[in-house]
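Colleague: One predicted model, sequence on top.
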Amino acid sequence: MKTVDEIREISGVNPYKCMKCGKCSASCPSYAEMDIKPHQFVSYVQRGEIEALTASRSLEKCLSCFACIERCPRSVEPARLIDAARQLVVRRRGETMLSPDEIPALAESDAPPQLLVSAFRRYRR
C-alpha cells in the first residue's frame, strides 16, 4: 500500500479537498514551533512527500487541540493527517500495539476518560 493511501486510510481525511486558505495554520497555537505548518502538511500529503512529514518535528509540536479542524471550511482536518503520520512512524518502528484491555492499566486512576478513548483510537490500529 502506498504511504499516501495509508495516511488517508488511517486519518479518514481527503487532503485533496483543501483550498489552501491557511485558516488551519492561522489558528494553530504551535504554529511558531512547527517546521511544517498545518496547511503545508496537507500539501505534503497531496504531493506524496510523506518521508519529509515523518521526519518533521511538527509531529511532536502538534498539540492535537483540533483548532485547525474547527477552523477548516472544507473539513480537511490537518490534525488527523498529522496524527496519521505519527501512526506511520510508530508502525515503522515496529512498536507493539496495545489491546483495549491493556490501556486502563497504563492510565492513572484520575485520568480523564478522553485519554483512554484517545489511547484506544491511536493504538488499536
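Modeller: Arrived safely, thanks for sending. What you see is a predicted model; the values in this text were computed from it and never measured.
Colleague: Just give me the neighbour total for G12.
Modeller: 10 (other C-beta atoms under 10 Å). Every residue, glycine included, has its C-beta placed from N, CA and C.
Colleague: Can you name the residues that contact it?
Modeller: The contact partners of G12, taken as C-beta atoms under 8 Å, 6 or more residues apart in numbering, are R80.
Colleague: ok, now how distant is it from V42?
Modeller: 14 Å (C-beta to C-beta, to the nearest Å).
Colleague: Pretty sure H39 sits against C24.
Modeller: Yes. The pair H39 / C24 is scored as a contact, 5.4 Å apart, by C-beta atoms under 8 Å.
Colleague: Between the two, which contacts overlap?
Modeller: P78.
Colleague: If you count surrounding residues, which of the two has more?
Modeller: A direct count of neighbours by other C-beta under 10 Å for H39 and C24 places C24 higher, at 27 against 21.
Colleague: Mind naming the longest helix for this protein?
Modeller: Scanning the chain for the helix with the most residues, using DSSP state H, yields helix 78-93.
Colleague: by contact count, what packs against that one?
Modeller: Packing partners of helix 78-93 (3 or more C-beta pairs under 8 Å, 6 or more residues apart in numbering; DSSP states H and E): helix 3-11, helix 38-47, helix 50-54, helix 58-61, helix 67-71, helix 113-123.
Colleague: Pull that helix out as PDB, backbone CA atoms only.
Modeller: Extracted as PDB, the C-alpha positions of helix 78-93 are listed here (Å, rounded to 0.1, in the frame of the first residue of the first chain):
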ATOM      1  CA  PRO A  78      -5.000  18.600   9.300                       C
ATOM      2  CA  ALA A  79      -4.600  17.400  12.900                       C
ATOM      3  CA  ARG A  80      -5.900  14.000  11.800                       C
ATOM      4  CA  LEU A  81      -3.300  13.900   9.000                       C
ATOM      5  CA  ILE A  82      -0.600  14.700  11.500                       C
ATOM      6  CA  ASP A  83      -1.800  12.000  13.800                       C
ATOM      7  CA  ALA A  84      -1.800   9.500  10.900                       C
ATOM      8  CA  ALA A  85       1.800  10.400  10.200                       C
ATOM      9  CA  ARG A  86       2.600   9.700  13.800                       C
ATOM     10  CA  GLN A  87       0.900   6.400  13.400                       C
ATOM     11  CA  LEU A  88       3.200   5.600  10.400                       C
ATOM     12  CA  VAL A  89       6.200   6.400  12.500                       C
ATOM     13  CA  VAL A  90       5.000   4.100  15.300                       C
ATOM     14  CA  ARG A  91       4.300   1.300  12.800                       C
ATOM     15  CA  ARG A  92       7.600   1.600  11.100                       C
ATOM     16  CA  ARG A  93       9.400   1.300  14.400                       C
END
